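Asks: Sequence and predicted structure, then a few things I'm wondering about:
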Amino acid sequence: MASSLTCAGVIWAFLSFLCAAASCVGFFMPYWLLGSQLEKSVSFGTFRRCSYPVRDESRQITVMVEQCGRYASFQAIPSAEWRICTVVTGLGCGLLLLVALTALMGCCVSELISRTVGRVAGGIQFLGG
């Protein structure tokens, strides 16, 4: 198995993959904010939420839905700031994952990653982070 990476490059590739995986898991989990509402534990992230209030029109009361789910549409995300956060964090995770997978391929394929490509990948990781 030929590699285009030095020993430091291999370590960078594996650490990049671990960091990208942790970022993606953090992005998809709904535990960014924890609290309570109507005496129930609630949590939500940029596009997922757990235990959220819903208006029951038949009984004219607000009830808590005790399950996790994503918002029905992009516009259902509570605020413009959360929508921006969803887009920016999603793009960052995508960039980090792209660089990490490319770096891992560089561990297996010779002459895939040059010094210039490594520097550009580092810049992309900086932007993604």
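Replies: Structure received. Numbers count the residues shown, from 1 in each chain.
Asks: Output the lowest mean pLDDT helix or strand found in the protein.
Replies: Between all helices and strands in the chain, the lowest mean by mean pLDDT, DSSP states H and E belongs to helix 115-128, at a mean of 76.
Asks: What residues of that one count as buried?
Replies: Buried residues in helix 115-128, counted by 16 or more other Cβ atoms under 10 Å: 118, 121, 125, 128. Where you see a C-beta, it was placed from the backbone N, CA and C, and this is true even at glycine.
Asks: residues in contact with the third one?
Replies: Right, Q125. If you count contacts by Cβ atoms under 8 Å, 6 or more residues apart in numbering, Q125 has them with 16, 95-96, 99.
Asks: go again using 6 Å as the cut-off
Replies: Neighbouring residues of Q125 by Cβ atoms under 6 Å, 6 or more residues apart in numbering: V99.
Asks: what's the answer for the last one, then?
Replies: Remark: with contacts taken as Cβ under 6 Å, 6+ apart, G128 is in contact with 92, 95-96.
Asks: Could you tell me how far the residue lying closest to it once chain neighbours are set aside is located from R59?
Replies: Spatial nearest neighbour of G128, chain neighbours left out: L95 (3.5 Å); criterion: Cβ to Cβ, 6 or more residues apart in numbering. Using Cβ to Cβ, to the nearest Å, L95 is found at 47 Å from R59.
Asks: Have a look at the two and say which one is more surrounded.
Replies: Neighbours per residue, other Cβ atoms under 10 Å: of L95 and R59, the larger number sits with L95, 19 against 8.
Asks: Quick check: that one touching I124?
Replies: Yes: counting by Cβ atoms under 6 Å, L95 sits close enough to I124 to count as a contact (5.5 Å).
Asks: Could you look up the SS state of V65?
Replies: Following DSSP: H, G, I helix; E, B strand; the rest coil, V65 is assigned to strand.
Asks: and it, what is it in contact with?
Replies: 52, 54.
Asks: Can you tell me how far it is from V25?
Replies: V65 is 24 Å from V25, where distance means Cβ to Cβ.
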